[in-house]
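Chemist: need a 3D model of the following:
(one chain, ligands or ions: 1)
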Amino acid sequence: MKILGSAAGGGFPQWNCACASCRALRAGRFPGKARTQTQVAVTHDGRSWFLLGASPDLRAQIEGTYELHPRAAGRRNDEARDSPIAGVVLANADVDHALGLLLLRELQPLRVYATPSIRRILCEDNSMFRMLQRMPGQISWTDFTPGTAFSLRNSTGEDSGLRCRALSLGTHFPPYVSPQRRSELVADEASLGLIIESPAGKRLVFMPGVPQLDEALLHELDSADLVLFDGTFWSDDELIRIQKGSGAQNAATARQMGHIPVSSTEGSLARLAGLRRPRKIFLHINNTNPMLDESGPEAHQVHEAGWEIAEDGWQFDL
Ligand SMILES: [Zn+2]
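Modeler: Predicted structure coming up:
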């Protein structure tokens, strides 16, 4: 498993953000690292890789990861098209999570796993996605149902050995989905957590957007070996406080945006303090989150609680 990107939508720094952290990072005096938008890739055999989501930074993330480079070097030029990327599993239809699919459009056969609701939003409502369906066998869309496990297969149907199960975490579709379309979709298919299981039974949990925690979810997390959890916001009113100064009127709380904050008595650090089994890593970190500052009290508090803060390029063997 590799973490190719660990930031929330917009990345760090974000192109239109002049918060103290983004300004300091641009000026080369921020005590922390730049990050691209969240992207995770998993493999069992090291040959076939599956992307969890497809980030807007995917092109650079692939180029920066030698395991994902084409392997056709030395062959005839007409055989030069190749990719270790066998497929993509989508957890939601957010721009930050699905835009990268359009970057994979060069007629490369791929299997894309999604709930029917997410597939319909992308393929039926967004005509640009027809670029992925220009010829038979280009993208094989494969529907899945939350709660039901399925094998990850490449475009020709070969089983990778990895299994995936999705959990319904939220019922909000992206803001670009029309009310009419929303009424035709299944709310439980909107926003998912993904659980990837190896043939040996090792479990990776990928949950970049968690609106709330209940007992069933806690149990699921405690039976995992590695948890990649929503680290978007430090506090519930983080965006409201930052946007106040710029006169913006449309800021929302973390919870309204589908993200439980890291701090506070009802935040993830406190609610997940009892997790004993898994290695715990925050990812999908927004540029406004103060825990990005490696020298600050927030990062210290996170590390003291036994959590790590994901960085681009991290790699794990389960
Ligand atoms: Zn910023």
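Chemist: please, which helix or strand holds residue 22?
Modeler: Counting by DSSP states H and E, the element that carries residue 22 is helix 20-26.
Chemist: can I get the CA coordinates of the next helix or strand after that helix in PDB?
Modeler: Beyond helix 20-26 on the C-terminal side, the first helix or strand identified by DSSP H and E is strand 39-43. Extracted in PDB, the C-alpha atoms of strand 39-43 (Å, rounded to 0.1, in the frame of the first residue of the first chain):
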ATOM      1  CA  GLN A  39      -4.600   9.200  -3.200                       C
ATOM      2  CA  VAL A  40      -3.900   5.700  -2.000                       C
ATOM      3  CA  ALA A  41      -2.800   2.700  -4.100                       C
ATOM      4  CA  VAL A  42      -2.900  -1.000  -3.100                       C
ATOM      5  CA  THR A  43      -1.400  -4.200  -4.500                       C
END
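Chemist: who does strand 39-43 touch, helix- and strand-wise?
Modeler: strand 2-5, strand 49-52, strand 159-170 (3 or more Cβ pairs under 8 Å, 6 or more residues apart in numbering; DSSP states H and E). (Each C-beta comes from the backbone N, C-alpha and C, glycine too.)
Chemist: what do you get if the cut-off is 10 Å, keeping everything else the same?
Modeler: Using 3 or more Cβ pairs under 10 Å, 6 or more residues apart in numbering; DSSP states H and E, the elements in contact with strand 39-43 are strand 2-5, strand 49-52, helix 58-63, strand 85-89, strand 159-170, strand 191-197, strand 203-207.
Chemist: mind listing what the residue of the stretch 101-250 of the chain at minimum distance from the ion touches?
Modeler: Of all residues in the stretch 101-250 of the chain, residue 242 sits closest to the ion, at 7.5 Å by Cβ to the ion. By Cβ atoms under 10 Å, 6 or more residues apart in numbering, the contact list for residue 242 reads 17, 18, 19, 20, 21, 248, 251, 286, 287, 288.
Chemist: would you mind listing what in the stretch 1-150 of the chain touches the ion?
Modeler: Residues of the stretch 1-150 of the chain found near the ion, taking Cβ under 5 Å from the ion as the criterion, are 17, 19, 22.
Chemist: ok, now with 6 Å
Modeler: Contact residues (Cβ under 6 Å from the ion) of the stretch 1-150 of the chain with the ion: 13, 14, 17, 19, 21, 22.
Chemist: how about the stretch 151-300 of the chain?
Modeler: Proximity of the stretch 151-300 of the chain to the ion, by Cβ under 6 Å from the ion, involves residues 287, 288.
Chemist: redo that, cut-off 8 Å
Modeler: 242, 287, 288 (Cβ under 8 Å from the ion).
Chemist: quick one: which of those sit in helices?
Modeler: In this view, these that belong to helices under DSSP state H are residue 242.
Chemist: could the residues of the stretch 151-300 of the chain next to the ion go into TSV alongside pLDDT?
Modeler: Output for those, formatted as TSV (pLDDT from 0 to 100):
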residue	pLDDT
242	81
287	96
288	95
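Chemist: circling back: among the residues of the stretch 1-150 of the chain next to the ion, which two are most distant?
Modeler: The distance between the two most remote of these (Cβ to Cβ) is 9.8 Å, for 14 and 21.
Chemist: looking at the two now, which is surrounded by more residues?
Modeler: Between residue 14 and residue 21, counted using other Cβ atoms under 10 Å, residue 21 has the larger neighbour count: 23 against 18.
Chemist: isn't the more buried one right up against residue 13?
Modeler: Yes - judged on Cβ atoms under 10 Å, residue 21 makes contact with residue 13 at a distance of 7.6 Å.
Chemist: residues of the lowest-mean-pLDDT helix or strand in the chain that come out buried?
Modeler: Every helix and strand in the chain was compared by mean pLDDT, DSSP states H and E; the lowest is helix 238-244, with a mean of 84. Across helix 238-244, burial judged by 16 or more other Cβ atoms under 10 Å covers 238, 239, 242, 243.
Chemist: isn't the last one right up against residue 288?
Modeler: Yes - proximity of residue 243 to residue 288 meets the contact threshold set by Cβ under 10 Å, at 9.3 Å.
Chemist: which residues are common contacts for these two?
Modeler: residue 19.
Chemist: which of the helices and strands packed on strand 39-43 sits closest to residue 258?
Modeler: Of the helices and strands packed on strand 39-43, nearest to residue 258 by Cβ to Cβ is strand 159-170, at 5.0 Å.
Chemist: any idea of the mean pLDDT for the helix or strand just after that closest one?
Modeler: Following strand 159-170 in sequence order, the next helix or strand is helix 179-184 (DSSP H and E). Rounded to a whole number, the mean pLDDT of helix 179-184 is 96.
Chemist: and if you look at stretch 156-170?
Modeler: For stretch 156-170, the mean pLDDT works out to 96.
Chemist: again, but for stretch 11-21
Modeler: Stretch 11-21 carries an average pLDDT of 95.
Chemist: got a list of contacts for it?
Modeler: Contacts for stretch 11-21 (Cβ under 10 Å, 6+ apart): 5-8, 10, 22-26, 30-38, 55-57, 96, 238-239, 242-243, 245-246, 285-290, 292-293, 296, 312.
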